[in-house]
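Trainee: Predicted model and sequence below, questions to follow.
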Amino acid sequence: MFTITVEQQQYKTYILTDETTGSQIEVVPERGGIITRWRVRNQEIFYLDSERFTHPQLSVRGGNPILFPICGNLPDNIYTYNGQRYTLKQHGFARDLPWEVTHQETQDKASLTLVLKSNEQTKAVYPFDFQLIFTYQLQGNTLEIKQQYQNLSSTPMPFSAGFHPYFLTSGDKHQLQFHIPSQEYQDQSTKEIHPFDGSFDFTREEIDVGFGGLTSQSATVIDPNRQLKLTLDYDRIYSRLVFWTIKGKDFYCLEPWTAPRNALNTGENLTVLAPKASCTASVRLTANLL
């Protein structure tokens with residue numbers, strides 16, 4: 001049995017539940033359409049800095065923020081399009097704007113569809129008419145995010161997109177087991193390329209690395225302390241995985257991106273939609289309790 005209930009917390013919150021398996025997600029459309037919580041059999045899968053979340057002026061640290069129309073940051077937050085310079089802050093604006101709920105379903109899954117449309121505020125920093133349609137689907141221990149990106153402009157629309165999930169962990173991160181389909185990563189701070197053997201140096205204050213050359217559409221992380229195996233499946237449009245964590249914080253992020261940082265300037269792996277065209281994508285998260 002699947003249910004969707006609405007609670008007025010600090011923000012209007014949609015709670016999708018699979019009663020049979022005891023899995024649940026919470027979605028806050030007003031705060032960037034974000035999924036703030038995901039539970040499987042009463043285990044929290046996502047990390048959320050609840051105190052920070054109460055401050056609208058601060059970016060959310062936790063849940064699963066949406067990245068659009070860029071992933072990462074631009075040099076000096078600037079890109080050039082058709083000879084004009086625009087300012088766009090890190091990860092774009094989709095995670096900061098209110099989304100609109102357009103459809104709910106509780107037949108064979110709990111499903112919630114949200115829409116974000118361009119407006120004068122977005123066009124000041126990103127001069128395109130667009131519509132994003134995201135559908136969150138919860139079924140058993142799997143959370144799927146189906147996406148549709150629509151270019152409503154009369155000119156080609158370049159963009160990159162992704163997600164920034166914060167996964168809750170506990171204790172020593174060194175015991176985490178990573179299976180990422182790439183043999184090397186680039187360190188964001190030094191720009192150096194390093195071979196990847198499945199482990200990270202968690203004594204560092206911050207780890208921020210990007211994996212390219214992905215050899216499959218699936219990555220897994222096993223957390224022995226929590227008896228949890230997480231699987232991240234993503235469509236081919238996602239050309240990059242980013243891993244980020246901070247020492248002393250009980251989270252790690254494994255993020256599917258369609259393109260690397262600064263793609264709006266370099267064109268690397270950039271998606272360009274023809275006028276009036278659209279494209280679809282899917283990301284699927286599965287949490288298996290071992």
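Mentor: Nice, thanks for sending it over. None of these values were measured; they are calculated from a predicted model. Residues are numbered from 1 along each chain as shown.

Trainee: looking at the protein, which residue ends up farthest from its center?
Mentor: For the chain, the C-alpha lying farthest from the average C-alpha position belongs to Gly83; by Cα atoms, centre = their mean, that distance is 30.4 Å.

Trainee: Torsion angles phi and psi at the closest residue to Ile45 other than its chain neighbours?
Mentor: In space, and not counting its chain neighbours, Ile45 is closest to Trp38: 4.3 Å by Cβ to Cβ, 6 or more residues apart in numbering. C-beta here means a position set from N, CA and C on the backbone, and glycine is covered the same way. The phi and psi values for Trp38, taken as degrees, to the nearest 10, are phi -140, psi 120.

Trainee: Bridge partners for Trp38, pull those for me.
Mentor: Ile25 (DSSP bridges).

Trainee: Tell me how many other residues surround it.
Mentor: For Trp38, the number of neighbouring residues by other Cβ atoms under 10 Å comes to 26.

Trainee: The residue farthest from the centre of the chain and Leu16: what is the separation?
Mentor: 45 Å (Cβ to Cβ, to the nearest Å).

Trainee: how about the helices of the stretch 151-290 of the chain, start to end?
Mentor: Taking DSSP state H, counting those that start in this stretch to define them, one finds helices in the stretch 151-290 of the chain at 263-266.

Trainee: Low-confidence regions, it specifically.
Mentor: Applying pLDDT under 70 to the stretch 151-290 of the chain flags no residue at all.

Trainee: go again using 90 as the cut-off
Mentor: Within the stretch 151-290 of the chain, the stretches falling below the threshold (pLDDT under 90) are 170-172, 189, 290.

Trainee: just the strands in it please.
Mentor: Across the stretch 151-290 of the chain, reading from the start of the chain, the strands by DSSP state E, counting those that start in this stretch fall at 157-159, 162-163, 166-168, 177-179, 184-187, 193-195, 206-211, 218-223, 228-234, 240-246, 251-257, 271-273, 278-289.

Trainee: Which one, of these, ends up nearest to Asn77?
Mentor: If you check each of these against Asn77 by Cβ to Cβ, strand 157-159 wins as the nearest, at 16.3 Å.

Trainee: buried residues in that closest one?
Mentor: When burial is assessed from 16 or more other Cβ atoms under 10 Å, strand 157-159 yields the following buried residues: 157-159.

Trainee: any idea how far Thr5 lies from Arg39?
Mentor: In this structure, Thr5 and Arg39 are separated by 14 Å, where distance is defined by Cβ to Cβ.

Trainee: Compare the two (neighbour count), which wins?
Mentor: Comparing Thr5 with Arg39 by other Cβ under 10 Å, the one with more neighbours is Arg39, at 16 against 9.

Trainee: so Asp233 sits right up against Val283, yeah?
Mentor: Yes: between Asp233 and Val283 there is a contact under Cβ atoms under 8 Å: 7.2 Å.

Trainee: that older thread, can I get the buried residues of strand 157-159 in a markdown table including distance to Tyr252?
Mentor: As requested, the buried residues of strand 157-159 are exported to a markdown table (distance: Cβ to Cβ, whole Å):
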| residue | distance to Tyr252 |
| --- | --- |
| Met157 | 32 |
| Pro158 | 30 |
| Phe159 | 26 |
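
Trainee: just those residues now: which is nearest Leu264?
Mentor: Each of the buried residues of strand 157-159 was checked against Leu264 using Cβ to Cβ; the closest is Pro158, at 6.2 Å.

Trainee: about what we covered before: how close does the residue farthest from the centre of the chain sit to Thr102?
Mentor: Distance, Gly83 to Thr102, using Cβ to Cβ: 37 Å.

Trainee: that older thread, highest mean neighbour count out of the strands of the stretch 151-290 of the chain?
Mentor: Relative to the other members of the strands of the stretch 151-290 of the chain, strand 162-163 carries the highest mean neighbour count by mean count of other Cβ atoms under 10 Å, namely a mean of 26.
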